[in-house]
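Student: Return a 3D structure for these sequence lines:
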Amino acid sequence: MIQIALYGKGGIGKSTVSANLSAALGERGNRVLQVGCDPKHDSTRLLLGGASIPTVLDYIREKLPEERILEDILFEGYAGVACVEAGGPEPGVGCAGRGILTTFEVLENLGIQEIPFDITIYDVLGDVVCGGFAVPIRREYANAVFLVTSGEYMALYAANNILRGIKNFDEASPRVAGIIHNSRGLEHEDEKVKAFAKAVKLPIVVSIPRSEYFAEAEKQGKTVVSMYPESSPSVLLKQLADHVKKISKGSAQLFSASPLTNSEMEALVLGRTRETGQKHYHLKPDVSAKKADGNSLSSGKRMNFFTKSVKNKQPLQGCSFAGAVSATSQIKDALTIAHGPGSCSHIVSHFLSTTLLNANTRYGTAISEHGEKSLVSTDMDEKAFIFGGGEELNSCLENAASNGWDNIFVVTTCPSGLIGDDIEHTILAVKRKFPDKKIIPVPVDGNLAGDFAQGLVEGSRVVADMIDPDVEKEKGLVNIIGEKTLSDNLNSNFETIKELLGKLDVKVNCRFLANTGIENIKNFKKAELNILAHRELAYNGESGGVMAEMLTSKLGINFFDLPFPIGFRESSQWVELLGETFNRESKARSLILKEKMLYDGEISGLRQFLKGKRVLISAYNPNLDWIIDTILDLGMIIVRVGLVTAVSPIDFRSQHIGILPVEYEYNAEKREKDIETLSPDLVLSNYPPLISREGVHHDAIPFSPDVGFRSGLNLARRWSRLMRLPVVEGWKLDGGDAS
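Tutor: The predicted structure is shown next:
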C-alpha cells in the first residue's frame, strides 16, 4: 500500500485536489482511503455528494472505548473511496494537533490497517506543522508528500515550512513527491512558483489552472473528475493520479526536503532583503505602561507569574503517568525518564517517597548502583511546549546512556502528549548512537491515558515485553504478581509470604513488580506458578483480572487460585492448597498445626479482656472475613457490619452472610445512629476519628492488611490494650469535666 500526504496552506485547495485525486484513482479500480486531517472536516465532502460525515473526535466524545466500531466513522464515497474525517475541537479550545494524534490512534485501534487499501491519501492542514499535524509526514504513515501551493507568499511560506518539518523527520532521506500548483490566476504567479520549485529543488508535478468547472461541480457536491470527466482540469488531475501510481510502483523519483531560510524566502518571492539595525522600544519613566494592578511596567522589568488557588475541586486519584512510573521504578537497575515538566517528576517523587517505598526507590533521595537518581526529568518548559521537547529528551537520553544505564524507560506526561512529541523518533536517533542500550517508550501522556491504575497496568505491560518467552521452567519457583508497592507493609508482607513459601521448600523467582531487576524480569517464565498478591487485581475477587489477564494473554501463564492470605483461616487454606500443588502436603499440614497452636494460645489469653465486647464494623472493603473470624474467635459480639460502598449481598463475599446483621450503602449518619442505639464498645472503620465523640473506642481497619496467619492477632492485641484504656484520655478534655 502507498500512503500519500497532501500538505498546504489552509484554503489553498488541498481538499479539492485530494478529493479529485481520490476519485480519479478510484475510477481506475484502486481501493482508496482518504483521511481528512483538517478541523474544518470538509476534505471528503465532494466524494459524498456534498454531505458531511461524523468526525472521529466527535465520535469518541460520545462513545466509550468498548462501544466503538470502525464502521461508525468509515463511509463510502464516489468510486468506492473510503472516507474518514478527523475533525477538531471548538475554535479557541484544546489542541487540534492532539486531535490528529488521537484520530490516528483510534483508527489503528479499530483495525483500519487490516483493510487492504491500495492507496491512502491524507489531506492535512499545513499552516501549522505542529506535532499533531506532522503525524502524516512521519515515515509510518506517508511514503510520499505533495506540497499544494499557489503563487501567493503565504502559500509558498507554508509549503516551505512543511519542507522544514519533513527535514526534521527525514534529514536527507528522499520522500517529497513534488509541488502541485493550484493556480489563483495571479499576475506572475507561474514565475513565482517555478522560482520557488527551483530554489527548493523540487519538480512541479502538475499545474492546475483556475477554472469555473470547480465551482460548478462543488455546487453539486461533486468532483470535477466525476462531473466533467473530459474537461481540462479533469485531464490534469487524472495525470496526477497516474503519477501517484508510478510512485506506488517505484518508478517515479522522490526528493529530499531542502527548505529555504525566511530571508531567502522573502528575497525570492517578495524581492526584498531584511534590513538590519532594528532598535528595541524603550519605555520612558513618564510614559510607562501600566499593568493591571496599576503599577508601572518599567523598562527591563520582568513580569512575575503566580498560581491562584483552586477551590471546590474533586481530588484526583492519580494519573496514568504516576501509575506507570510506580511500575517502571521498581526495576532496580533501570532508569526512568519522565518526559515533561520538572514539577510532574517532583510531585510523583514526593508522592512515592511519602508512601514509604523502599529506600532504593525513593526518588530524589535514593542512590542507585550507578550513583544517580533512578528517576530523572527532561524538565520541559514553556519553550519546549511551543517548539517540542525533542532536544530535551535527546539530551537526557544521551546523558543516561553515557553514564552507564543499559535499560531506560521514557514515560510521557500530559504536556508532551498534548503537543504530540514523537518520542519514538528521538529514541531511535539515540539508539543509533548507543545501539547496545535498551530504551523503552511508555507513552501514557499523563492523565490522557487514564488514571493511576491504568498507568500501572500499562507500565507493567511494557515491562512484561522484556520477559524471555523461551526460558525453561524450574521446579519449586513462583512469581509474585502485583504487590502493593505504595503500602507501608510492602516488605513485611513479602517477608511473611517468603517465609511461608520457604517452609514448603518453595522459592520466589520474580516479584512483578516490586524491588526487582532486569534479569529477574527476563527469567520470569522460570517459575512453575504465579501468585497474585491481592484480590483487587482481579475481577470479583477471582484470579484472572486486569493484571493477570494481561500477563496471560502475553505469556500463556497459569495463576494460583488464591491471592495472598489474610488471617488464620485464609492462610490455612492457602498453605494447604500450595502444599497440594507442589506435593508438599505433609509439610503444609505440619505448618498449619504449628500455627494453630500458636493462634489458639494467644486468642485464649486475649479473650479474657475482649469476650462479650460489642463491635460495630463500618468499612469500604467488603473482604472482612479475616477480621470477623478474629472477633468471633475472641468471643466478641458483632452488632452491625456496615458496608459503605457495597449495594447488595453480591458485593459482600463472606462465609458469614445470613448470620451477621449486614447493612449496605452504609453512611456516616447510619453509623452515628447505630452507635447511639446499639451501644458498641468498639467501632472499627477505615477512617476512625482522632478523638471519640460518642463515648466508644475506635480503631482502624487497614486498607492494606498484614498477610499471613497472624493478621487478626495483630489487631486483637491492639484491641486488648485499647479496651483497657479510658475512652477519652484526660488530657484530651483540655480542662473539661470528664463526667
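Student: which one is the most centrally placed residue in the chain nearest to, not counting chain neighbours?
Tutor: Closest residue to the average C-alpha location of the chain: residue 444 at 2.2 Å, with C-alpha atoms, centre = their mean. Computed as C-beta to C-beta, 6 or more residues apart in numbering, the closest residue to residue 444 that is not its neighbour in sequence is residue 320, at 4.1 Å. For glycine as for every other residue, the C-beta is placed from the backbone atoms N, C-alpha and C.
Student: Would you agree that neighbour is in contact with residue 443?
Tutor: No. Counting by C-beta atoms under 8 Å, residue 320 stays clear of residue 443, with 10.0 Å between them.
Student: domains of the protein?
Tutor: Per the record, the chain has its domains at 2-270, 320-464, 477-564, 607-731, by automatic domain parsing.
Student: tell me the mean pLDDT for the shortest one?
Tutor: Okay, so that is domain 477-564. For domain 477-564, mean pLDDT rounds to 88.
Student: Can you give the distance of that domain from its chain's centre?
Tutor: Average the C-alpha atoms of domain 477-564, do the same for its chain, and the two points are 24 Å apart (C-alpha atoms, centre = their mean, to the nearest Å).
Student: where's the residue nearest to the centre of the chain relative to residue 215, distance?
Tutor: Separation of residue 444 from residue 215 (C-beta to C-beta, to the nearest Å) stands at 48 Å.
Student: How many residues are close by residue 243?
Tutor: Other residues near residue 243 come to 21 when the count uses other C-beta atoms under 10 Å.
Student: Hmm, I typed the wrong one, I wanted residue 391.
Tutor: 13.
Student: Now the helix or strand encompassing it: buried residues?
Tutor: Here residue 391 sits within helix 390-402, counting by DSSP states H and E. Using 16 or more other C-beta atoms under 10 Å as the test for burial, helix 390-402 gives 390, 392-394, 396-397, 400-401.
Student: hmm, which helix or strand of this protein has the shakiest average pLDDT?
Tutor: Scoring the helices and strands of the chain by mean pLDDT, DSSP states H and E places strand 296-297 at the bottom, with a mean of 45.
Student: Tell me which stretches of the stretch 101-250 of the chain form helices.
Tutor: 153-170, 189-199, 212-219, 224-227, 232-249 (DSSP state H, counting those that start in this stretch).
Student: just the angle between the first one and helix 189-199, please?
Tutor: Pointing back at helix 153-170 there. Taking axes from the mean of the first three to the mean of the last three C-alpha atoms, to 10 degrees, helix 153-170 and helix 189-199 form an angle of 20 degrees between their directions.
Student: do the last one as well
Tutor: Our comparison of helix 232-249 with helix 189-199, counting by the same axes, to 10 degrees, yields an angle of 10 degrees.
Student: Just the CA coordinates for the following helix or strand past helix 232-249, please, in PDB.
Tutor: Counting by DSSP H and E, the element after helix 232-249 in chain order, helix or strand, is helix 262-265. Only the C-alpha atoms of helix 262-265 are listed here, as PDB (Å, rounded to 0.1, in the frame of the first residue of the first chain):
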ATOM      1  CA  ASN A 262      13.000  33.100   6.000                       C
ATOM      2  CA  SER A 263      15.300  35.700   4.500                       C
ATOM      3  CA  GLU A 264      15.800  33.600   1.400                       C
ATOM      4  CA  MET A 265      12.000  33.200   1.000                       C
END
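Student: Which other helices and strands does helix 262-265 contact?
Tutor: Helices and strands touching helix 262-265, as assessed by 3 or more C-beta pairs under 8 Å, 6 or more residues apart in numbering; DSSP states H and E, comprise helix 153-170.
Student: I figured residue 57 was touching residue 86, is that so?
Tutor: Yes. Between residue 57 and residue 86 there is a contact under C-beta under 8 Å: 6.5 Å.
Student: Those two - which one has more neighbours?
Tutor: Between residue 57 and residue 86, residue 86 has the larger neighbour count (other C-beta under 10 Å), namely 31 against 23.
Student: end to end, how far does stretch 329-344 reach?
Tutor: 15 Å (C-alpha to C-alpha, to the nearest Å).
Student: quick one: buried residues of it?
Tutor: 329-341, 344.
Student: and what of stretch 479-488?
Tutor: For stretch 479-488, by 16+ other C-beta under 10 Å, it's 479-487.
Student: now do stretch 149-157
Tutor: So for stretch 149-157, counting by 16+ other C-beta under 10 Å, buried means 149-152, 155-157.
Student: residue contacts, the residue nearest to residue 397 when sequence neighbours are not counted?
Tutor: Distance criterion C-beta to C-beta, 6+ apart; nearest residue to residue 397, sequence neighbours excluded, is residue 430 at 4.4 Å. By C-beta atoms under 8 Å, 6 or more residues apart in numbering, the contact set of residue 430 is 394, 397-398, 401, 437, 439.
Student: out of the residues you listed, what pair is the most spread apart?
Tutor: With C-beta to C-beta as the measure, no two of those lie farther apart than 394 and 437, at 13.3 Å.
Student: Low-confidence stretches in the stretch 251-400 of the chain?
Tutor: Scanning the stretch 251-400 of the chain for pLDDT under 70 picks out 273-278, 283-317, 353-373, 386.
Student: At which residues are the helices of it located?
Tutor: 262-265, 320-328, 342-354, 382-387, 390-402.
Student: Residue 118 is nearest to which of those?
Tutor: Among the helices of the stretch 251-400 of the chain, helix 390-402 sits nearest to residue 118 (C-beta to C-beta), with 33.6 Å.
Student: Name every sheet partner of the helix or strand following the closest one and say whether each one runs parallel or antiparallel.
Tutor: Toward the C-terminal end, the helix or strand that comes next after helix 390-402 (DSSP H and E) is strand 407-412. With DSSP bridges as the test, strand 407-412 is paired with strand 335-339 (parallel), strand 438-442 (parallel).
Student: Cheers, nothing more for now.
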